[in-house]
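K.L.:
Sequence first, then the predicted structure:
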Amino acid sequence: MAYPTYKNGKNKKIRNDAESEVDSSIHLADMHIKNNWEVYELYTGGPEVSNYGRAVIYEEFCRPNYFGGDLNKLLNLIQEKIKTLED
């Protein structure tokens, strides 16, 4: 949610504070995903995806301009996976 402020904040301090918040959010998500291969694989595709393909997909996930939408996509994928496990 801080990304629009990071890009369009009224002054440099506001933009820097928002940038720090965005960077922290990305770092935290990155740490959790890298520590859980199933989540990483769920987001980047099944076993048929090459390591290079995974790297490209995941690199975009960690970019501030894609992070918000991609995190939403990841959370939806996790929710769908949980539903399939419950059935």
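P.N.:
Arrived safely.

K.L.:
now the helices for this structure?
P.N.:
Under the criterion DSSP state H, the chain contains helices at 3-8, 12-34, 37-44, 51-61, 64-86.

K.L.:
quick one: contacts for residue 14?
P.N.:
Applying CB atoms under 8 Å, 6 or more residues apart in numbering to residue 14 gives the contacts residue 5. To be clear about C-beta, it is placed using only N, CA and C from the backbone, and glycine gets the same treatment.

K.L.:
so how far is residue 39 from it?
P.N.:
According to CB to CB, to the nearest Å, residue 14 stands 33 Å off from residue 39.

K.L.:
same deal with residue 80?
P.N.:
13 Å.

K.L.:
So for those two, which sits in the more crowded spot?
P.N.:
residue 39 (17 against 11; other CB atoms under 10 Å).

K.L.:
so that one sits right up against residue 71, yeah?
P.N.:
No - using CB atoms under 8 Å, residue 39 is not in contact with residue 71; the gap is 11.6 Å.

K.L.:
what residues do the two have in common as contacts?
P.N.:
With CB under 8 Å, 6+ apart, residue 39 and residue 71 have no common neighbours.
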